[in-house]
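In: Can you look at this prediction? I've put the sequence above it.
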Amino acid sequence: MARRLGGVDTRRMPRPSRRRFPLACCPRAGTCLVAVLALAAAAATWASLGTASTGTRRLIVRFRGPGGWHDSVLVALPAWYGPHRDPPLPLVVSPHSRGLTPSRWARRWGDLPGRFGLIVLDPGLHGRVIPRRSWAWPPDIAELARLPELVHRRLPWLRYDPHRVYAAGDSMGGQETLMLLARQPDLFAAAVAADPVTNLLRRWYEFPLSGESWREQQAATREVGGTPRQARWLYVRRSPVFFARTIAFAGVPLELWWNPQDTVVVGESTKQTGFFYRTVERLDPHAPVVVRLHHHVHGWVFKFDHDLPAMLRFLLAHRRHGPPPTGFAYTSWLPRAAVWGWRVQALGSERLLWTISHVTRRGLVSDSPRTLLVRPPFPLARATLDGRRDRVTAEGALVPPGRHRLALVPVALRRLTARPARRGRG
């Protein structure tokens, strides 16, 4: 009776040769050995990047971004998280460094989303004309601020804690992190920027002097829309240093990492991050800004097996609260802006920055070359501009160009301070 193995007659199978070859004499040994070593090296590299870990899984959400480009965001979350187990988690918006794709940037995070129990959004935005070199293009910054809600609409079971939304990035991603904080300070509980570009205007002149990015000057000119001499304003609105007042008085904890001898972002201490930090400290000595100096190569600290876990611990130690009780400030060029419930409409040229500062329920100080229409988050009873009665409409109070002090009286406060009517004698 024939013996069968899995339906195959084993007697008809060719018998293996008894001749034994040493590995070195086997005709295909060299090819096999090279293949095995290559697979082992690839597996070791993959594991070292943290992308093969079972603690974190990643999803891709694609959408049409600014300018009609096809953008995407890589959503990293704990492997156990899903439609049937979806507690609100902390969320980190992490803009990538210059030239990196979302998948390569996600490798920087490794298994940290699973280890720390959080959601990380690794966006891949196009930029104005160049992919992966956006340099804080304003429409991209607005898109980054909308990413949490956009991802939630596409993945309704993905829930995040609105009081624990953070931003963290390195290099160009650090620049965009700071611009996110300047654009939407009421969205974030804390932020971390490592080796960031804080002044793109100066950075353009330093490209030829900087390490691996010495050829980027032409790309920056094309992306921004001209040289600093041709279009200075376009560089100003992409530079966090010009919005330092917003960050100084936002009350949002910020951690800055930089290398004073960085060979990529030249002049970190004198012209970039160090100068930005001193500007913030001068504006508000009590601003919650923490400095971390390091002496590693550019981008080294922002990795899961280096200092990124320490950055995460800093972020997760904070929760978002309301506006600072001492008053916040906001600088912008946009014709319309909203922050902490306050709405401002600016009239006139968009190439001029406007500022409101010391903003509380009692009023604000305006310093703007443009006329501002200010609408507080509460109904107004009356407004006083520089000690004189100002006209109040349903849209808010009108503030002319220049430096002015606007005092506000809410309707509720007026009712509390109004004198009771005298009753007649009966």
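Out: Perfect, I can see it now. Numbers count the residues shown, from 1 in each chain.
In: only C-alpha atoms for contact and neighbour calcs from this point on.
Out: OK.
In: Can you give me the neighbour number for the closest residue to residue 89 other than its chain neighbours?
Out: Nearest residue to residue 89, sequence neighbours excluded (CA to CA, 6 or more residues apart in numbering): residue 160, at 4.6 Å. Residues lying near residue 160 (other CA atoms under 10 Å) number 20.
In: which ones are touching residue 160?
Out: 87, 88, 89, 90, 91, 119 (CA atoms under 8 Å, 6 or more residues apart in numbering).
In: so can I have JSON lines of the residues you listed showing pLDDT?
Out: As requested, the contacts of residue 160 are exported to JSON lines (pLDDT from 0 to 100):
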{"residue": "87", "pLDDT": "96"}
{"residue": "88", "pLDDT": "97"}
{"residue": "89", "pLDDT": "97"}
{"residue": "90", "pLDDT": "98"}
{"residue": "91", "pLDDT": "98"}
{"residue": "119", "pLDDT": "98"}
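In: Looking at these, which is nearest residue 169?
Out: Nearest to residue 169, judged by CA to CA, of these is residue 91 at 13.6 Å.
In: Which residue ranges of the stretch 101-250 of the chain form helices?
Out: Ranges of helices in the stretch 101-250 of the chain, per DSSP state H, counting those that start in this stretch, are 102-109, 112-116, 138-154, 172-183, 200-206, 216-224, 232-236, 244-248.
In: What strands flank the longest strand anywhere in the chain, and is each parallel or antiparallel?
Out: Using DSSP state E, we find that the single longest strand of the chain is strand 160-170. Neighbouring strands of strand 160-170 in its sheet, by DSSP bridges, are strand 89-93 (parallel), strand 190-194 (parallel).
In: Can I get the ones you listed in TSV including distance to residue 379 and mean neighbour count?
Out: Below are the strands paired with strand 160-170 laid out as TSV (distance: least, CA to CA, whole Å; neighbours: other CA atoms under 10 Å):
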stretch	distance to residue 379	mean neighbour count
strand 89-93	33	24
strand 190-194	30	28
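In: what helix or strand is the closest residue to residue 344 other than its chain neighbours on?
Out: Distance criterion CA to CA, 6+ apart; nearest residue to residue 344, sequence neighbours excluded, is residue 374 at 4.7 Å. Assigned by DSSP states H and E, residue 374 belongs to strand 371-375.
In: In CSV: the strands paired with strand 160-170, plus distance to residue 181.
Out: Formatted as CSV, the strands paired with strand 160-170 follow (distance: least, CA to CA, whole Å):
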stretch, distance to residue 181
strand 89-93, 11
strand 190-194, 8
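In: The ones you listed: which one's closest to residue 143?
Out: From these, taking CA to CA, the stretch that ends up closest is strand 89-93, at 11.1 Å.
In: could I have that closest one exported to CSV, CA atoms only?
Out: Taking Å, rounded to 0.1, in the frame of the first residue of the first chain, the C-alpha atoms of strand 89-93 are listed here in CSV:
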residue,chain,number,x,y,z
LEU,A,89,-6.6,60.4,24.1
PRO,A,90,-4.0,63.2,24.0
LEU,A,91,-3.2,64.3,20.5
VAL,A,92,0.0,65.6,19.0
VAL,A,93,0.2,67.5,15.7
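In: Can you tell me what sits against that strand?
Out: By CA under 8 Å, 6+ apart, the list of residues contacting strand 89-93 reads 117-123, 144, 147-148, 159-162, 164-168, 316.
In: For ChimeraX, write the selection for the buried entries among these.
Out: Selection command for ChimeraX covering only the buried members of the contacts of strand 89-93, criterion 16 or more other CA atoms under 10 Å:
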select :117,118,119,120,121,122,123,144,147,148,159,160,162,164,165,166,167,168,316
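In: how about low-confidence regions in the stretch 1-150 of the chain?
Out: 1-54 (pLDDT under 70).
In: from memory residue 283 sits against residue 248, does it?
Out: Yes - here residue 283 reaches residue 248: they are 6.5 Å apart, a contact under CA atoms under 8 Å.
In: Now do the same contact list for the closest residue to residue 80 other than its chain neighbours.
Out: Distances taken as CA to CA, 6+ apart place residue 55 nearest to residue 80, at 7.8 Å, with adjacent residues excluded. Neighbouring residues of residue 55 by CA under 8 Å, 6+ apart: 78, 79, 80, 111, 113, 114, 115.
In: want to try JSON lines for those residues, with neighbour count as columns?
Out: Output for these, formatted as JSON lines (neighbours: other CA atoms under 10 Å):
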{"residue": "78", "neighbour count": "22"}
{"residue": "79", "neighbour count": "17"}
{"residue": "80", "neighbour count": "14"}
{"residue": "111", "neighbour count": "26"}
{"residue": "113", "neighbour count": "24"}
{"residue": "114", "neighbour count": "21"}
{"residue": "115", "neighbour count": "14"}
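In: now, among those residues, which is nearest to residue 288?
Out: Nearest member of these to residue 288, counting by CA to CA, is residue 113, at 25.6 Å.
In: give the contact list for that closest one.
Out: 55, 56, 76, 77, 78, 119, 120.
In: any idea how far residue 344 is from it?
Out: Counting by CA to CA, to the nearest Å, the gap from residue 113 to residue 344 is 37 Å.
In: do residue 291 as well
Out: 33 Å.
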